[in-house]
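> Model the following, please.
(chains A and B)
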2 protein chains.
Amino acid sequence: MIAQKMKGYVANSSVIRAMFEEGKKMAEKYGRENVYDFSLGNPNIPAPAEVNKAIRDVLEEQDPVLVHGYMNNSGFENVRAAVAESLNKRFGTNFSRKNIVMTVGAAGGMNVIFKTLLNPGDEVIAFAPFFGEYRSYVSNYDGVLRVVPADTRTFQLNLEEFERVLSPKTKAVIVNNPNNPSGVVYPEETMKKLADVLVRAGKKFGTSIYLISDEPYRELVYGGASVPFMTRLYHNTVIGYSFSKSLSLPGERIGYLVLPDELEDAEDIQAAANVATRILGFVNAPSLMQLAVARCLDARVNLEFYDRNRKMLAEGLSRLGFEFVKPEGAFYLFIKSPVEDETAFVNKAKEYHILMVPGSSFACPGYVRAAYCVSPETIKNSLPQFARLAADYGLHA
Amino acid sequence: MIAQKMKGYVANSSVIRAMFEEGKKMAEKYGRENVYDFSLGNPNIPAPAEVNKAIRDVLEEQDPVLVHGYMNNSGFENVRAAVAESLNKRFGTNFSRKNIVMTVGAAGGMNVIFKTLLNPGDEVIAFAPFFGEYRSYVSNYDGVLRVVPADTRTFQLNLEEFERVLSPKTKAVIVNNPNNPSGVVYPEETMKKLADVLVRAGKKFGTSIYLISDEPYRELVYGGASVPFMTRLYHNTVIGYSFSKSLSLPGERIGYLVLPDELEDAEDIQAAANVATRILGFVNAPSLMQLAVARCLDARVNLEFYDRNRKMLAEGLSRLGFEFVKPEGAFYLFIKSPVEDETAFVNKAKEYHILMVPGSSFACPGYVRAAYCVSPETIKNSLPQFARLAADYGLHA
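Below is the predicted model of the structure:
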């Protein structure tokens, strides 16, 4: 009786979420300290103190009817102006409030932009490995997701393969920088090449190809890595952002889309994104949280915490003989499975109470994702378990 | 370049929202006190003190990682249990947390349930007058909205016409009780008859017809009116609720769906609604607000305020010769236009700085909606303007 399309979604429902639920059950059974749950990107560090202070201050200082009330579907004008100004200061852009739509997280933003752009049958290209939910976001609007196979040597963008996947039907390309699940950062040089390919393809096919730059991990980079700001490199770029990771607010569902004036059909897109926000049932991004984050645009979670976790897990696993490309961003390690069927590896790891997500969920079988947004104790205590797991597969450094 | 479907949505974009924007501009131009904006259902009274206290208490007492973190896509288990228990206490039902999905407002909930249920071409029936956004919510999933014409004598459900609109393609029926825009409450007797018709039609066609009871105004009733709780009258009922009006939190986007075990295919629907919440990009209802409303389930805005507004506006307009069915719920008055083309009437009213919404937006031309969730001063000061408007049309009591 449920919709035919939903049957498919339910059957292929998020392995990540299933793991999350399984992790909670295992924690109840064995004790939280005896389960090493690397499954979900649910930050373990609290929001910076500025956030809760901002929430309290908004409640104290601002008219409650305004704080909890409706506003323009794209968000409070002053919040959007503050976001625009913050971007201009950081990236030398020239945005104003009309270029910003506040969204229900990055996932909400992705749905808004695909609802805005996609006709049935339009193709959207994603580079493997990628966040599996992109499939649903595209198929929600009857778009067709085309996948560029991973370059498993570097996990950088596979631009040669990309050119082969581009077609006259390509409406949009998703890039996720830093990348979930590989933790890789695509440098400016690569992104310039990507922009060149897009410009050439647009001319060749006589089409406009939109670049959807999904950037929830923008602020989470380590060791001096830097994430290029794509609207300066390619005119047809839409940026999706979320405060979920930068301010540890994943449950609050707050982010924004950047819709530059340089977009082809910018005015139509800005107007349609406003309408899409409303009719998809978001109506607007949560109001109190909009006002709170506008006061914290320069705040960040404790990046040192993630960086220390990154080093501890990477060094620990490397010593045990596990292989991966050392991540420069986000909070994920994408580990090569010692056997071809990575689901078998994931199941074996579970016997040691280690929870990781199979790479198949990211269109990249043969690898598994470990999210290190956990407590340092979890990592520390997991390493002896990982050692047993490594021994089972005869790994050595 | 935007999606073909979006062009239609943008062209027919919400008249209500356009009015809201126009009202803000008029207020800037003429001064807020000289504009009588009855256009939007944006509550003018603050959330009850319990709400802001609950927000502060949650921030104070609970682990910030939990407060702002991910949880099950259907919501925090304890929040869902608290909602279920509160309903059981009030309505003698027997819900548990698995029957509750926390949603991004009622609009989010409607999208989740239609995503869950609708195959392309499935028909959904709504009774005129109805909230115009239902059209988009249904068409988002390629459903077809069928309209039961209004009974403009009483604005009660037109059950004879309803039987003629029912078909083997009918997948769902929307009822909005109390009704936006008429303010009418459908009594238990009527709803029992509706249930009978649905049971008969289901048998006749060999189908399951879901009743979607959209109840954001459930708590806003006056003069002893009572809203029947539909899951007790019809087994195949899904309830959509929002705290937007009962707690004056429209901008916060917080509500829930009730998915009873008595639903046909209940388990599939519960599982699919969870997945739909995620893949539509809501991911989950805002976390802090979930925890806050769970502490305020018995709180209500000041209903006396709305009731006084209702009486003042109804009596004032009645004295001037305007006609309407006296509302028992919500905060709307649905006024008969003195001329057939109610848009001309709405435009004439604008000359007196009175903003109302044409009934065409609610599939009921010839009427206009005035939202009285405004300050009493706005109503008081609008009456001399309404008097001039009445005089223009030669009205008298």
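> Give the burial count for the nearest residue to A:Leu40 once chain neighbours are set aside, as a bare number.
Leaving aside its sequence neighbours, A:Leu40 sits nearest to A:Phe20 (Cβ to Cβ, 6 or more residues apart in numbering or on different chains; 4.5 Å). Backbone N, C-alpha and C define where each C-beta goes, glycine included. A:Phe20 has 21 neighbours, counted by other Cβ atoms under 10 Å in any protein chain shown.
> Mind checking the pLDDT average for stretch A:103-114?
Mean pLDDT, stretch A:103-114: 98.
> Using PDB, write down the CA coordinates of stretch A:305-319.
In PDB, the C-alpha atoms belonging to stretch A:305-319 read as follows (Å, rounded to 0.1, in the frame of the first residue of the first chain):
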ATOM      1  CA  PHE A 305      40.000  17.400  18.800                       C
ATOM      2  CA  TYR A 306      39.300  16.000  15.400                       C
ATOM      3  CA  ASP A 307      42.800  16.400  14.300                       C
ATOM      4  CA  ARG A 308      44.100  14.500  17.300                       C
ATOM      5  CA  ASN A 309      41.500  11.700  16.600                       C
ATOM      6  CA  ARG A 310      42.600  11.700  13.000                       C
ATOM      7  CA  LYS A 311      46.200  11.200  13.800                       C
ATOM      8  CA  MET A 312      45.600   8.600  16.500                       C
ATOM      9  CA  LEU A 313      43.300   6.500  14.300                       C
ATOM     10  CA  ALA A 314      45.400   6.900  11.200                       C
ATOM     11  CA  GLU A 315      48.700   6.100  12.900                       C
ATOM     12  CA  GLY A 316      47.100   3.200  14.900                       C
ATOM     13  CA  LEU A 317      45.600   1.600  11.800                       C
ATOM     14  CA  SER A 318      48.600   2.200   9.600                       C
ATOM     15  CA  ARG A 319      50.800   0.400  12.200                       C
END
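> Enumerate residues external to that stretch that contact any of its residues.
A:45, A:183, A:220, A:222-223, A:324, A:326-327, A:331, A:333, A:335, A:370, A:372-374, A:376, A:379-380, A:383, A:386, A:397 (Cβ atoms under 8 Å, 6 or more residues apart in numbering or on different chains).
> Strands of the stretch 1-150 of chain A, start to end?
A:36-37, A:100-103, A:123-127, A:144-148 (DSSP state E, counting those that start in this stretch).
> nearest to chain B, of those?
Of all the strands of the stretch 1-150 of chain A, strand A:100-103 sits nearest to chain B, with 8.2 Å by Cβ to the nearest Cβ.
> That closest one pairs with which strands, and in what direction?
strand A:255-258 (antiparallel) (DSSP bridges).
> State the next helix or strand along the chain beyond the strand it pairs with.
Sequence order places helix A:266-279 as the next helix or strand after strand A:255-258, per DSSP states H and E.
> Strands of the stretch 151-300 of chain A, start to end?
Under DSSP E, counting those that start in this stretch, the stretch 151-300 of chain A gives strands at A:170-176, A:210-214, A:237-242, A:255-258.
> Make TSV from the ones you listed and add mean pLDDT, distance to B:Val35 and mean neighbour count to it.
Compiled in TSV, these are given as follows (pLDDT from 0 to 100; distance: least, Cβ to Cβ, whole Å; neighbours: other Cβ atoms under 10 Å in any protein chain shown):
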stretch	mean pLDDT	distance to B:Val35	mean neighbour count
strand A:170-176	98	42	23
strand A:210-214	98	40	26
strand A:237-242	98	36	25
strand A:255-258	98	30	26
